[in-house]
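# Predicted model and sequence follow; I will ask about them next.
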Amino acid sequence: MKKFAKELSIKKIILTLVSLFILWNIIWFSTITIMYKPYVEKVPKNDFGVHFIEEDGYTFSVKKPDYLSFTGNLTVSNNKEGESLIIWPLVFGGYEYGVRLQKDGKAYEIYVDQHLNPVKKDQGDNMAKQIIEKYRADIETLFRKGNAIWELQ
(Lines give C-alpha, C1' and ligand atoms only; values in the text may rest on other atoms or scores of the structure.)
Protein backbone atom coordinates (compact mmCIF):
# COMPACT_ATOMS: atom_id res chain seq x y z
CA MET A 1 0.00 0.00 0.00
CA LYS A 2 2.83 2.42 0.83
CA LYS A 3 4.52 1.69 -2.49
CA PHE A 4 1.31 2.50 -4.36
CA ALA A 5 0.88 5.77 -2.42
CA LYS A 6 4.52 6.71 -3.10
CA GLU A 7 4.13 6.01 -6.87
CA LEU A 8 0.92 8.04 -6.92
CA SER A 9 2.70 10.90 -5.15
CA ILE A 10 5.58 10.84 -7.66
CA LYS A 11 3.10 10.80 -10.56
CA LYS A 12 1.30 13.82 -9.08
CA ILE A 13 4.57 15.71 -8.75
CA ILE A 14 5.59 14.91 -12.33
CA LEU A 15 2.14 15.81 -13.64
CA THR A 16 2.23 19.09 -11.71
CA LEU A 17 5.68 19.98 -13.07
CA VAL A 18 4.70 19.14 -16.65
CA SER A 19 1.48 21.16 -16.26
CA LEU A 20 3.41 24.15 -14.91
CA PHE A 21 5.88 23.95 -17.80
CA ILE A 22 3.05 23.84 -20.34
CA LEU A 23 1.32 26.75 -18.60
CA TRP A 24 4.56 28.78 -18.62
CA ASN A 25 4.95 28.12 -22.37
CA ILE A 26 1.38 29.24 -23.04
CA ILE A 27 1.89 32.42 -21.00
CA TRP A 28 5.21 33.16 -22.74
CA PHE A 29 3.84 32.54 -26.24
CA SER A 30 0.72 34.64 -25.61
CA THR A 31 2.69 37.52 -24.09
CA ILE A 32 5.24 37.65 -26.91
CA THR A 33 2.60 37.30 -29.62
CA ILE A 34 0.49 40.14 -28.20
CA MET A 35 3.48 42.33 -27.31
CA TYR A 36 5.22 42.10 -30.71
CA LYS A 37 2.12 42.07 -32.94
CA PRO A 38 2.13 45.83 -33.68
CA TYR A 39 5.84 45.75 -34.53
CA VAL A 40 5.79 42.74 -36.87
CA GLU A 41 2.71 44.09 -38.64
CA LYS A 42 4.72 47.17 -39.64
CA VAL A 43 7.84 45.15 -40.51
CA PRO A 44 6.67 41.89 -42.10
CA LYS A 45 8.92 38.93 -42.78
CA ASN A 46 11.00 39.06 -45.93
CA ASP A 47 11.80 36.13 -48.26
CA PHE A 48 14.32 34.82 -45.73
CA GLY A 49 11.82 34.75 -42.84
CA VAL A 50 13.30 37.78 -41.08
CA HIS A 51 11.33 40.86 -40.04
CA PHE A 52 13.34 43.40 -42.03
CA ILE A 53 12.55 46.25 -44.42
CA GLU A 54 14.47 49.08 -46.06
CA GLU A 55 13.02 52.56 -46.60
CA ASP A 56 14.72 55.79 -47.64
CA GLY A 57 18.20 54.48 -46.87
CA TYR A 58 17.23 53.19 -43.42
CA THR A 59 16.70 49.60 -42.35
CA PHE A 60 14.09 48.54 -39.82
CA SER A 61 14.10 45.15 -38.16
CA VAL A 62 12.24 43.31 -35.43
CA LYS A 63 13.90 40.56 -33.40
CA LYS A 64 11.31 38.68 -31.39
CA PRO A 65 12.55 37.15 -28.13
CA ASP A 66 14.13 33.72 -28.20
CA TYR A 67 12.27 30.78 -26.66
CA LEU A 68 11.21 31.53 -23.06
CA SER A 69 12.97 34.90 -23.09
CA PHE A 70 11.14 38.22 -22.94
CA THR A 71 13.96 40.30 -24.46
CA GLY A 72 13.70 41.11 -28.14
CA ASN A 73 14.43 44.36 -29.94
CA LEU A 74 13.56 46.76 -32.70
CA THR A 75 16.35 48.32 -34.74
CA VAL A 76 16.58 51.40 -36.92
CA SER A 77 19.84 51.66 -38.84
CA ASN A 78 21.51 53.97 -41.26
CA ASN A 79 24.22 51.56 -42.38
CA LYS A 80 25.74 54.07 -44.78
CA GLU A 81 26.53 56.37 -41.85
CA GLY A 82 27.22 53.61 -39.30
CA GLU A 83 24.34 54.57 -36.99
CA SER A 84 21.87 52.30 -35.22
CA LEU A 85 19.17 52.74 -32.63
CA ILE A 86 18.22 49.63 -30.68
CA ILE A 87 14.87 49.66 -28.90
CA TRP A 88 13.99 47.06 -26.29
CA PRO A 89 10.24 46.88 -25.62
CA LEU A 90 9.58 46.17 -21.94
CA VAL A 91 7.03 43.56 -20.89
CA PHE A 92 5.07 45.96 -18.69
CA GLY A 93 5.24 48.91 -21.09
CA GLY A 94 7.83 51.43 -22.09
CA TYR A 95 11.17 51.01 -23.80
CA GLU A 96 14.89 51.00 -23.21
CA TYR A 97 17.15 52.47 -25.87
CA GLY A 98 20.70 52.04 -27.02
CA VAL A 99 22.69 53.81 -29.70
CA ARG A 100 25.47 52.19 -31.69
CA LEU A 101 27.68 54.55 -33.69
CA GLN A 102 30.65 53.74 -35.89
CA LYS A 103 32.42 57.03 -36.48
CA ASP A 104 35.99 58.01 -37.23
CA GLY A 105 37.19 54.40 -37.09
CA LYS A 106 35.73 53.86 -33.61
CA ALA A 107 32.59 52.13 -32.38
CA TYR A 108 30.43 53.50 -29.55
CA GLU A 109 27.56 51.76 -27.76
CA ILE A 110 25.65 53.97 -25.38
CA TYR A 111 22.41 53.40 -23.47
CA VAL A 112 20.16 56.46 -23.62
CA ASP A 113 16.70 57.51 -22.51
CA GLN A 114 14.04 58.95 -24.84
CA HIS A 115 15.58 62.42 -24.36
CA LEU A 116 19.04 61.17 -25.44
CA ASN A 117 20.53 61.37 -21.97
CA PRO A 118 23.02 58.57 -21.21
CA VAL A 119 21.63 56.09 -18.68
CA LYS A 120 22.84 53.11 -16.65
CA LYS A 121 26.58 52.63 -16.75
CA ASP A 122 27.00 55.46 -19.27
CA GLN A 123 25.26 58.05 -17.08
CA GLY A 124 28.41 59.53 -15.52
CA ASP A 125 30.55 59.05 -18.61
CA ASN A 126 31.51 62.45 -20.03
CA MET A 127 32.71 60.86 -23.26
CA ALA A 128 29.27 59.27 -23.79
CA LYS A 129 27.67 62.69 -23.30
CA GLN A 130 30.09 64.29 -25.78
CA ILE A 131 29.44 61.60 -28.40
CA ILE A 132 25.67 62.00 -27.97
CA GLU A 133 25.93 65.78 -28.33
CA LYS A 134 28.22 65.54 -31.36
CA TYR A 135 25.82 63.20 -33.20
CA ARG A 136 22.54 64.37 -31.64
CA ALA A 137 20.93 65.32 -34.97
CA ASP A 138 21.70 61.89 -36.45
CA ILE A 139 20.41 60.08 -33.37
CA GLU A 140 17.24 62.20 -33.31
CA THR A 141 16.64 61.21 -36.93
CA LEU A 142 16.86 57.53 -35.93
CA PHE A 143 14.35 58.17 -33.13
CA ARG A 144 11.99 59.97 -35.53
CA LYS A 145 12.22 57.17 -38.10
CA GLY A 146 11.55 54.53 -35.44
CA ASN A 147 8.65 56.47 -34.00
CA ALA A 148 7.17 56.99 -37.47
CA ILE A 149 7.10 53.31 -38.27
CA TRP A 150 6.25 51.81 -34.86
CA GLU A 151 4.42 54.71 -33.17
CA LEU A 152 6.50 54.37 -30.03
CA GLN A 153 5.34 57.53 -28.27
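Yep, that arrived. All figures in this text were calculated on a predicted structure; none of them were measured in a lab.

# quick one, phi psi at the residue lying closest to residue 89 once chain neighbours are set aside?
Nearest residue to residue 89, sequence neighbours excluded (C-beta to C-beta, 6 or more residues apart in numbering): residue 95, at 5.8 Å. In short, each C-beta sits where N, CA and C put it, glycine included. The phi and psi values for residue 95, taken as degrees, to the nearest 10, are phi -140, psi 160.

# Could you double-check that residue 95 lies in contact with residue 112?
No: with contacts counted by C-beta atoms under 8 Å, residue 95 stays clear of residue 112, the gap being 10.8 Å.

# and these two? which has more neighbours close in?
When neighbours are counted by other C-beta atoms under 10 Å, residue 95 and residue 112 differ, and residue 112 comes out ahead with 21 against 16.

# and the spatially most central residue of the chain, bridged to which residues?
Nearest residue to the geometric centre of the chain (C-alpha atoms, centre = their mean): residue 73, 1.9 Å. For residue 73, the residues forming beta bridges with it (DSSP bridges) are residue 63.

# my guess is it contacts residue 88, does it?
Yes: taking contacts as C-beta under 8 Å, residue 73 lies within contact range of residue 88: 5.1 Å.

# now the strands for the protein?
Along the chain, counting by DSSP state E, strands occupy 51-55, 58-63, 73-78, 83-89, 95-103, 106-112.
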